[in-house]
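Sharing a sequence plus its predicted fold:
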Amino acid sequence: MLNVIISGCNGHMGRVVESLCAADPEVQVAAGFDVLGSTDRDFPVYSSPAQFTGRADAVIDFSSPAALEGLLAFGKATKTPLILATTPPTCPWASTCCWSW
C-alpha cells in the first residue's frame, strides 16, 4: 500500500488526485495539506506540513508556490519524497528542491 499526502488538496487538481487515489486499491491518502484546512474529507487535512506527525511514502503537490518553503522543510526533515507539480522553475527556492538523502 502506497500512503500519500496531497498538498493543495482543496483545489481542483488536488481533488482530481484524490479521486485517482480512491480508484486505486494500492493507494491510500494519509493526509492533505491546504492553507484553508478542511472538514469535509475522508482524511485529515493540515494547514501546514509541520502539523503532520504521521508517515507517508510521498507528497503529491498541486498547491501554490507560496507553500513550497514549508513543503521543502517537511520533505527534508522527514526524508519524504516530494512530487512538485506546479512550482515554476523560476521559483526562488528552485535550487534547493533536490537533495541527496
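Great, that's in hand. Residues are numbered from 1 along each chain as shown.

Give me the below-cutoff pLDDT ranges for this protein.
86-101 (pLDDT under 70).

what about the strands in it?
Secondary structure of the chain by DSSP state E: the strands cover 2-7, 27-33, 45-46, 58-61, 82-84.

Need the residues that contact the shortest one.
Strand 45-46 has contacts (Cβ atoms under 8 Å, 6 or more residues apart in numbering) with Cys9, Asn10, Ala31, Gly32, Phe33, Asp34, Gly37, Ser38, Thr39, Phe52. To be clear about C-beta, it is placed using only N, CA and C from the backbone, and glycine gets the same treatment.

Parallel or antiparallel, which strands does it pair with?
Strand 45-46 has the following strand partners under DSSP bridges: strand 27-33 (parallel).

Please enumerate residues in contact with the partner strand?
With Cβ under 8 Å, 6+ apart, strand 27-33 has contacts from 1-10, 14, 18, 20-22, 38, 41-49, 52, 54-56, 59, 63, 67, 71.

could you give the angle of it to strand 2-7?
Strand 27-33 runs at 30 degrees relative to strand 2-7, counting by axes from the mean of the first three to the mean of the last three Cα atoms, to 10 degrees.

What residues sit buried inside strand 27-33?
Val29, Ala30, Ala31, Gly32, Phe33 (16 or more other Cβ atoms under 10 Å).

Including distance to Lys76, could the strands of the chain go into a markdown table?
As requested, the strands of the chain are exported to a markdown table (distance: least, Cβ to Cβ, whole Å):
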| stretch | distance to Lys76 |
| --- | --- |
| strand 2-7 | 15 |
| strand 27-33 | 15 |
| strand 45-46 | 17 |
| strand 58-61 | 12 |
| strand 82-84 | 9 |
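
and Gly75, which of these is closest to it?
Nearest of the strands of the chain to Gly75, taken as Cβ to Cβ: strand 82-84 at 4.4 Å.
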